[in-house]
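In: sequence first, predicted model second:
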Amino acid sequence: MTQYRFITRTRKGKWYDRLADAQAFAQRIGAGFLDARGRFVAYRGTVMEMREKPRTA
C-alpha cells in the first residue's frame, strides 16, 4: 500500500494511507490548502513523497 506525505523547506508531514488525508492535513505544516472546490493547491517548493507502507511482523 502506498503512503503519502508533504514536505516543505522546514517541515515534514506525517505519512498517510490516503492522498486525500495527506492533502487535508498539509495546511498544518504550510504545504498547501484545499480550495473552495476541495482541490489541493500546493505552495511553491512543496514536495509530495510516496513510499510503500512498511510491513509489520
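Out: Okay, I see it.

In: ok, the closest residue to residue 6 other than its chain neighbours - contacts?
Out: Nearest non-adjacent residue to residue 6, counting by CB to CB, 6 or more residues apart in numbering: residue 31, 3.9 Å away. (Glycine included, C-beta is placed from N, CA and C.) By CB atoms under 8 Å, 6 or more residues apart in numbering, residue 31 lies in contact with 6, 7, 8, 11, 13, 42, 43, 46.

In: how far away is residue 31 from residue 55?
Out: Relative to residue 55, residue 31 is positioned 27 Å away (criterion: CB to CB, to the nearest Å).

In: can you show me the strands along the protein?
Out: 2-7, 32-34, 40-42, 47-52 (DSSP state E).

In: what comes up buried for the third one?
Out: Within strand 40-42, the residues scored as buried using 16 or more other CB atoms under 10 Å are residue 40.

In: mind checking the pLDDT average for that strand?
Out: Along strand 40-42, the predicted confidence averages to a pLDDT of 95.

In: which residues are in contact with it?
Out: Counting contacts by CB under 8 Å, 6+ apart, the residues outside strand 40-42 that touch it are 6, 23, 26, 31, 32, 33, 34, 35, 48.

In: surely the third one is in contact with residue 47?
Out: So that's residue 26. No: between residue 26 and residue 47 there is no contact, the gap being 11.1 Å when judged by CB atoms under 8 Å.

In: ok, these two, which is more surrounded?
Out: Comparing residue 26 with residue 47 by other CB atoms under 10 Å, the one with more neighbours is residue 26, at 26 against 12.

In: so the more buried one versus residue 20, what's the distance?
Out: According to CB to CB, residue 26 and residue 20 sit 11 Å apart.

In: need the overlap of contacts for these two.
Out: A shared contact of residue 26 and residue 20, defined by CB under 8 Å, 6+ apart, is any residue touching both; here there are none.

In: list the residue ranges of this structure that fall below the pLDDT cut-off.
Out: Scanning the chain for pLDDT under 70 picks out the ranges 57.

In: so how far is residue 40 from residue 52?
Out: Looking at residue 52 against residue 40, where the rule is CB to CB, the gap reads 22 Å.

In: quick revisit: which among the contacts of strand 40-42 end up buried?
Out: Buried, going by 16+ other CB under 10 Å: 6, 23, 26, 31, 32, 48, out of the contacts of strand 40-42.
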